[in-house]
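Novice: I would like the atomic coordinates for the input below:
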Amino acid sequence: KGLIYTKPKYDIIHAHGTVTAVSTRFFRGKRILTIHGVYSKSVEKLHGPLVSRLSNIYEKASVRIVNYVTVVSKTAYKHYRLYTDKVTYIPNAINLDIIPLKGDKIYEKQAIYVGRISREKGVDILVKAFTKLKDIDLLIVGDGPLLPYLRKQFGHYKNIHFLGKVEREKALRLIKGADVFILPSRYEGLSTALLEAMACGTPVIASRVGGNTELIEDGVTGLLVSPGDEKELIKDIIFLVNNRKMHSR
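Specialist: Residues are numbered from 1 along each chain as shown. All right, here's what the predicted structure looks like:
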């Protein structure tokens with residue numbers, strides 16, 4: 001006997017990321033796609049222009065096969081609005097009730113990164129910078145494909161601490177206790193970790209990409225650096241850690 005495939009029926013199918021958009025065609029119901037960044041731009045930075053052009057073609061197809069598209073940054077809204085008028089800008093939000101009143105201060109000078117340990121997040125750039133900042137301790141919280149490599153190459157540095165996954169409450173206390181939160185992404189949508197760091201009142205440094213530029217007014221609510229610029233990153237880390245009067249701003 002032949003097999004007859006019947007699409008399952010749901011009220012809403014909600015997919016995240018353009019890669020998953022095609023899978024929504026296997027279901028009946030309203031299809032919503034949430035996009036967390038401009039993926040073709042990310043692909044270009046990581047894999048070059050040829051792969052980026054192919055990704056761009058796929059992006060256009062992805063947003064056209066769904067009923068609605070939501071994006072988390074204004075940058076993404078401007079990009080995907082060129083392909084479809086079904087785009088709505090809905091930024092990420094955080095729960096302010098879980099922001100701790102007190103932080104965990106482990107080291108005298110404490111910097112922190114919280115997030116996915118991957119190349120697009122620029123964690124490799126951050127770790128290399130801290131091989132030259134041996135009087136400042138770096139806490140790296142999170143997991144990801146780059147973690148085993150970074151641990152192997154840089155785990156012997158006494159000021160670089162790979163904590164892996166920790167409970168959310170613990171991560172927030174570490175952010176609260178840090179002198180600076182750093183997000184050195186090569187590519188970024190709208191980081192909830194960055195939002196949480198700013199809510200904690202922790203000084204922030206982030207690369208000048210994606211939603212980071214929407215959250216941070218350079219020199220006022222934080223510092224922005226060029227993505228991949230290790231020297232600029234080191235300069236700003238030293239400045240913020242050693243100028244604690246800036247923290248109250």
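
Novice: Kindly state the domain boundaries assigned to this protein.
Specialist: The chain breaks down into these domains under automatic domain parsing: 9-89, 96-248.

Novice: Please produce a markdown table containing those domains, extended by mean neighbour count and mean pLDDT.
Specialist: For glycine as for every other residue, the C-beta is placed from the backbone atoms N, C-alpha and C. Formatted as a markdown table, the domains of the chain follow (neighbours: other Cβ atoms under 10 Å; pLDDT from 0 to 100):
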| stretch | mean neighbour count | mean pLDDT |
| --- | --- | --- |
| domain 9-89 | 17 | 83 |
| domain 96-248 | 18 | 95 |
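
Novice: ends of stretch 65-84, how far apart?
Specialist: 10 Å (Cα to Cα, to the nearest Å).

Novice: Identify the residues contacting that stretch?
Specialist: With Cβ atoms under 8 Å, 6 or more residues apart in numbering as the test, stretch 65-84 has contacts from 15, 21-22, 24-25, 30-38, 41, 59-60, 63-64, 86-92, 189-190, 210-211, 213-214.

Novice: so what's the residue nearest to the spatial centre of the chain closest to, chain neighbours aside?
Specialist: Centrality entry for the chain: nearest residue to the mean C-alpha point is S191, 4.4 Å, by Cα atoms, centre = their mean. What sits nearest to S191 in space, not counting adjacent residues and going by Cβ to Cβ, 6 or more residues apart in numbering, is L183, at 5.8 Å.

Novice: Test of understanding: give the bridge partners of that neighbour.
Specialist: Counting by DSSP bridges, L183 forms beta bridges with A206.

Novice: need the contact list for it.
Specialist: If you count contacts by Cβ under 8 Å, 6+ apart, then L183 has 113, 115, 121, 191, 193-194, 204-207, 212 around it.

Novice: May I ask you to name the longest helix in this protein?
Specialist: helix 49-64 (DSSP state H).

Novice: continuing past that one, what's the next helix or strand?
Specialist: For helix 49-64, the following helix or strand on the C-terminal side (DSSP states H and E) is strand 68-71.

Novice: immediately after that following strand, which helix or strand?
Specialist: Past strand 68-71, the next helix or strand by DSSP H and E is helix 74-80.

Novice: Listing partners with orientation, what would you give for the helix or strand following that next one?
Specialist: Scanning forward in sequence from helix 74-80 by DSSP H and E, the next helix or strand is strand 87-89. Sheet pairing of strand 87-89 (DSSP bridges) gives strand 68-71 (parallel).

Novice: so what's the nearest residue to A21 once chain neighbours are set aside up against?
Specialist: In this structure, A21 finds its nearest non-sequential neighbour in S62, 3.7 Å apart by Cβ to Cβ, 6+ apart. For S62, the contact set (Cβ under 8 Å, 6+ apart) comprises 18, 21-22, 33.

Novice: try 7 Å
Specialist: The contact partners of S62, by Cβ atoms under 7 Å, 6 or more residues apart in numbering, come to 18, 21, 33.

Novice: sorry, back to before: and the residue nearest to the centre of the chain, how far from P148?
Specialist: Taking Cβ to Cβ, to the nearest Å as the measure, S191 falls 23 Å from P148.

Novice: From the chain's centroid, how far away is the helix or strand hosting L33?
Specialist: Using DSSP H and E, the secondary-structure element containing L33 is strand 28-35. Relative to the chain's own centre, strand 28-35 is displaced by 23 Å; criterion: Cα atoms, centre = their mean, to the nearest Å.
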